[in-house]
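>>> This is a predicted model, with the sequence first.
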Amino acid sequence: MPDKEKLFEQIVRENREKLYRICRACMPDPDDANDLYQEVLVKVWLNLHTFRGGAKLSTWLYRVALNTAILHKKKQRNHTSLLPQHISELSDTTESGHKQEQEALLQQLHHCISCLEKQDRLIISLVLEEVSYKEIAEVMGLTVNHVGVKINRIKQRLAVLMEQTGKTEVSTVK
Amino acid sequence: MNFDDIQKSWQKQHVPELITKESSKTMASQLQERVNALQRKIILTNVMMIVVLLLTSAVFVFIFREGVAPKTMWFDIGLGVMFGAILLSALAQWLKSLPWGHMKAVCSSSMYISHTLKSLRFRNTSIRLITPLQMVTTTIGLNLIYLDVFWDETWKLRFVMHVALIAVMILVGGLSLYYSSLHYQKLFEPVIKDLEELQNKLETI
């Protein structure tokens, strides 16, 4: 048991940020993302004994996170997404500066990701984490080519959404 | 803004300090402790039940029976019916209320959870079915004993004694079942609910 605890603590220490960001991609609302993150950790702890070392630990972790996210979504159909107005309000009320710009950009990005299809959200979160196409393919159970095509489409869609929300934001401020 | 910039911003985003220890590994281990505590309680209750059964049998057979000196065979039949019912109920409790063969608490094993759930749910079956049946049979046994004890009394007195016995048994039985179900709701149901949730989580991986 102490070995399991040590391993778990090490996994959490090394992967908590990545796991949280994946949860955040799936859940536009930060509170929901926190709930999902906690649930992912519970599942990692409960299923640690099933990790045999055949796959990379990160692949296994992503798979646990994605399975949990899919199930979590089923439970929470009425999620609240951040609308462009909220983004504008947020950027209006905050002081100017690089940090605030960064925060506004992230809010915009979260909103755009929330507009994507469920599977696409999960894929883009892994792409943003710089996970290799091969690993994403393993996690999603798709071929590498299929993942490549999907990623290109998602990136294009995301770029369009970013542009659109950017314009909406500007017009709302005006 | 190109994708690389977006990626950099994404990776720089603030990750709140979340409670990880208490909520994850502990959820299972705390539940494991609760299950262990409940099982210890069940074992203690079962042992107490056997002790009470043996003491009551001894009192009935060696003291009450000697003192009353039975006039008919109904006394012994009544004793047999009453203790037979209690013994069968106690045996069922012993066999079904614990996950024999899966006593080592491992909350990450779905087999352990499944067996534990089955044994804990048995308590509900016991309250709803086994205990009422046992009480009815015990009442019949006691009435047979009364039949013998008041054999030489008037019909009126015998009738009153039987009615009074049934009334007392209904009252005691009703109260006992009521408190047992309260006890079940308070101690068993939360653990069962958490175990069910845990089972669902394990099944989804």
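Arrived safely.
>>> Would you mind finding the longest helix in chain A?
helix A:144-173 (DSSP state H).
>>> try chain B
Longest helix in chain B by number of residues, with DSSP H as the criterion: helix B:25-58.
>>> Now do that one: which elements does it pack against?
Helix B:25-58 is packed against helix A:2-26, helix A:30-46, helix B:74-96, helix B:110-125, helix B:189-204, with contacts defined by 3 or more Cβ pairs under 8 Å, 6 or more residues apart in numbering or on different chains; DSSP states H and E. The way it works is simple: take the backbone N, C-alpha and C, and place the C-beta from them, glycine included.
>>> The residue nearest to A:Glu39 when sequence neighbours are not counted and B:Ile77, how far apart?
Of all residues beyond its chain neighbours, the one nearest A:Glu39 is A:Thr68 (5.4 Å), with distances taken as Cβ to Cβ, 6 or more residues apart in numbering or on different chains. A:Thr68 sits 62 Å away from B:Ile77, going by Cβ to Cβ, to the nearest Å.
>>> Same drill for those two, tell me which one is more crowded.
A:Thr68 (26 against 16; other Cβ atoms under 10 Å in any protein chain shown).
>>> List the contacts of the more buried one.
Residues touching A:Thr68, when contacts are defined by Cβ atoms under 8 Å, 6 or more residues apart in numbering or on different chains, comprise A:Leu36, A:Glu39, A:Val40, A:Lys43, B:Thr204.
>>> ok, now A:Asp35?
For A:Asp35, the contact set (Cβ under 8 Å, 6+ apart) comprises A:Met27, A:His72.
>>> Distance check, it against A:Gln10.
Counting by Cβ to Cβ - A:Asp35 and A:Gln10 are separated by 24 Å.
>>> Of all residues in chain B, which one is nearest the centre?
Per Cα atoms, centre = their mean, the C-alpha nearest to the average position across chain B is that of B:Arg123, at 3.5 Å.
>>> thought that residue was touching B:Phe188?
Yes: with contacts defined as Cβ atoms under 8 Å, B:Arg123 counts as touching B:Phe188 at a distance of 5.5 Å.
>>> confidence score at B:Leu175?
B:Leu175 carries a pLDDT score of 95 in this model.
>>> Mind telling me what element it is part of?
Taking DSSP states H and E as the criterion, the element that holds B:Leu175 is helix B:155-183.
>>> ok and that helix relative to helix B:25-58, angle-wise?
Orientation of helix B:155-183 against helix B:25-58 (axes from the mean of the first three to the mean of the last three Cα atoms, to 10 degrees) gives an angle of 160 degrees.
>>> Can you give the distance from helix B:155-183 to the centre of its chain?
On the basis of Cα atoms, centre = their mean, to the nearest Å, the separation between the geometric centre of helix B:155-183 and that of its chain is 21 Å.
>>> Show me what it packs onto, helices and strands only.
With contacts taken as 3+ Cβ pairs under 8 Å, 6+ apart, helix B:155-183 sits against helix B:131-149.
>>> 10 Å - rerun?
With contacts defined as 3 or more Cβ pairs under 10 Å, 6 or more residues apart in numbering or on different chains; DSSP states H and E, the packing partners of helix B:155-183 are helix B:110-125, helix B:131-149.
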